[in-house]
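Chemist: whatever this is, show me its structure:
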Amino acid sequence: MSLLEEREGQVRLAGAVPVWRRSNASRLRGEGTEARRAWQSDYVRRIALGDVLAALVASGVGYLARFGAETGPLAADHPSLWIVPLLPVLWVAGMLVARSYEERFLWIGAEEFRRVLSAAVAMLAAVGAVSWAFQLQVARGFVVVALPLATGLTLLQRYGQRSWLHRRRAEGKFLQTAIIVGHRNGVVALHQQIDREAYHGYRVIGCCLPPAIAGAQPVAFDGLPVLGTLDEVVDVVRRYEVDTVAVLPSPELEGPALRRLGWDLEQTQAELLLAPAVTEIAGPRVRIRPVCGLPLLHVERPELRGVRRITKETFDRTAAAAGLLVLAPLLITLALAVGLTSRGGVFYRQERVGRDGQTFGMLKFRSMVSGADRMVQQLDAQSDGNGVLFKMRSDPRVTRVGKVLRRYSFDELPQLINVVRGDMSLVGPRPPLPAEVERYGFDMHRRFLVKPGITGLWQVSGRSDLSWDDSVRIDVRYVENWSLAFDFMILWKTLGAVFRGAGAY
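Modeler: Purely as a prediction, here's the structure:
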């Protein structure tokens, strides 16, 4: 009896029903690998149709903007009317050339949107080049209106389609089955990461461990059944109809062994994913480069110095100053509400640690009663924090107005002043207290390479609900992968996090 068959017997004795036992019935109901992936082609068709509609609307608006004042309503005999249906055709063709319909670039990540933008820029350049080369009289007013509008509408409808997909995946639909292959510690870490990022659409059904470990371990750990050994990965894939195999770095699967596994999986429908030894590094920093005839991963340095940093600081201060001007009526209203409903000052100034370990006074609207700092020791036993940070879901020190301020993060708005002064950034790691810094490990000191932010990955990932380990991981991840595009993505997601109020207390 093979270890795989022995494991299946143990699973049955444990009361679990192995997936492969249901495989025949699943095929009859159309629930195999092909059926689980059938939605992908429908999704691609929907976004392609959305692109056509977006270009058609943009073309009509551009036509009216350029010719409407001269000709009135659309006329079939107008010499420029042909341009209205032509743009959607050229637009979809441009998206095909940019490979923005390939499934590997869809569902997650910014690559899909980057390819849409690249296609739009290429189309604009092509129109200019062709019109100049052939001396064509192109309606510049039409191009200036239609192309940017088509780009915006395309990005918007694709974002809407992706948001719809992520909501369906949160409900347990459109998921791909996966197994994790590697050593126990790595399997647990990757399983937790996949659970945190459930919108990626993977459902882990089990794992495969090295023979000695798999034989010594119980039938399951971390909620995952041990389905077999590293030598039985392909058999597990076939029996359990697995869609994806995620392989972690391990001495047993290096070089020829990993290559043979890839060849064997080509005979199945499963995809092969290789987890690098270097984690928390975003795709733009990783490139595969041939070195001495070998395809090696080259990790770029994080963008923490130079022109990009100056650009970030310029944007931060300019946007913060504009925000203070636009939000002035709201700030005055909130200040009056704080000052008139409880004793104490309107603002609360607290010492925090910023870039390079320098301290600064962080401003907030006061949301607690006067002297709240002196009450921490009395309430420490009731903390709902993560072991390092003191937090209470029902903090008796918070005023009635303060609860509203915290619910929608209005108490953070005075930090725009800190941004203008250069102490903080709009986006960055959470500004820590000096007492917290004294308890930091080596990894957490890397966060001091950048300025702390009003918002950041911590804000859009759960805020006060995060564990300490998750807080460390998120802060380091931001520093390692900083870019302006990353900042804009976080700012966009912050709006949703604030309105939902998740983790705000």
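Chemist: so G94 touches A125, yeah?
Modeler: No - the criterion here is Cβ atoms under 8 Å, and G94 misses it with A125 at 10.9 Å. From N, CA and C alone the C-beta is placed, and that goes for glycine too.
Chemist: higher neighbour count, these two?
Modeler: Shown here are G94 and A125; by other Cβ atoms under 10 Å, G94 has more neighbours (22 against 10).
Chemist: can you pull the contacts of the more buried one?
Modeler: 119-120, 122-123 (Cβ atoms under 8 Å, 6 or more residues apart in numbering).
Chemist: SS state for Y478?
Modeler: helix (DSSP: H, G, I helix; E, B strand; the rest coil).
Chemist: swap that for D423, sorry
Modeler: State at D423, reduced to three classes by three-state DSSP: coil.
Chemist: now do the strands in the stretch 51-200 of the chain.
Modeler: 176-181 (DSSP state E, counting those that start in this stretch).
Chemist: so where's it uncertain?
Modeler: Along the stretch 51-200 of the chain, the model assigns pLDDT under 70 to residues 66-82, 133-140.
Chemist: using CSV, lay out the contacts of G94 together with neighbour count and distance to V326.
Modeler: Below are these laid out as CSV (neighbours: other Cβ atoms under 10 Å; distance: Cβ to Cβ, whole Å):
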residue, neighbour count, distance to V326
A119, 23, 34
A120, 21, 29
A122, 13, 35
M123, 22, 34
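Chemist: would you mind writing the CA trace of stretch 422-440 as PDB?
Modeler: C-alpha atoms of stretch 422-440 as PDB (Å, rounded to 0.1, in the frame of the first residue of the first chain):
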ATOM      1  CA  GLY A 422       7.400  67.500   6.400                       C
ATOM      2  CA  ASP A 423       7.000  65.200   9.500                       C
ATOM      3  CA  MET A 424       4.700  62.700   7.700                       C
ATOM      4  CA  SER A 425       3.600  61.500   4.300                       C
ATOM      5  CA  LEU A 426       0.100  60.900   3.000                       C
ATOM      6  CA  VAL A 427       0.900  57.200   2.700                       C
ATOM      7  CA  GLY A 428       3.400  55.300   4.800                       C
ATOM      8  CA  PRO A 429       3.800  53.000   7.800                       C
ATOM      9  CA  ARG A 430       1.700  53.700  11.000                       C
ATOM     10  CA  PRO A 431       3.500  56.400  13.100                       C
ATOM     11  CA  PRO A 432       4.600  54.500  16.300                       C
ATOM     12  CA  LEU A 433       4.900  55.600  19.900                       C
ATOM     13  CA  PRO A 434       8.500  55.800  21.400                       C
ATOM     14  CA  ALA A 435       7.400  53.100  23.900                       C
ATOM     15  CA  GLU A 436       6.500  50.800  21.000                       C
ATOM     16  CA  VAL A 437       9.800  51.300  19.300                       C
ATOM     17  CA  GLU A 438      11.600  50.100  22.400                       C
ATOM     18  CA  ARG A 439      10.000  46.700  21.800                       C
ATOM     19  CA  TYR A 440      10.700  46.500  18.100                       C
END
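Chemist: residues contacting that stretch, please?
Modeler: 312-313, 315-317, 319-320, 350-354, 357, 359-362, 388-389, 415, 418-419, 447, 450-456, 458-459, 471, 475, 478-479, 486-487, 490-491.
Chemist: quick check: beta-bridge partners of Q176?
Modeler: Y202 (DSSP bridges).
Chemist: pop the domain breakdown of this protein in here.
Modeler: 3-20+27-32+174-299, 34-170, 307-500 (automatic domain parsing).
Chemist: do a quick rundown of the strands in the stretch 351-500 of the chain.
Modeler: 359-365, 425-427, 453-455.
Chemist: what about the helices in the stretch 251-400 of the chain?
Modeler: In the stretch 251-400 of the chain, the helices defined using DSSP state H, counting those that start in this stretch lie at 256-265, 307-326, 328-341, 376-379, 400-407.
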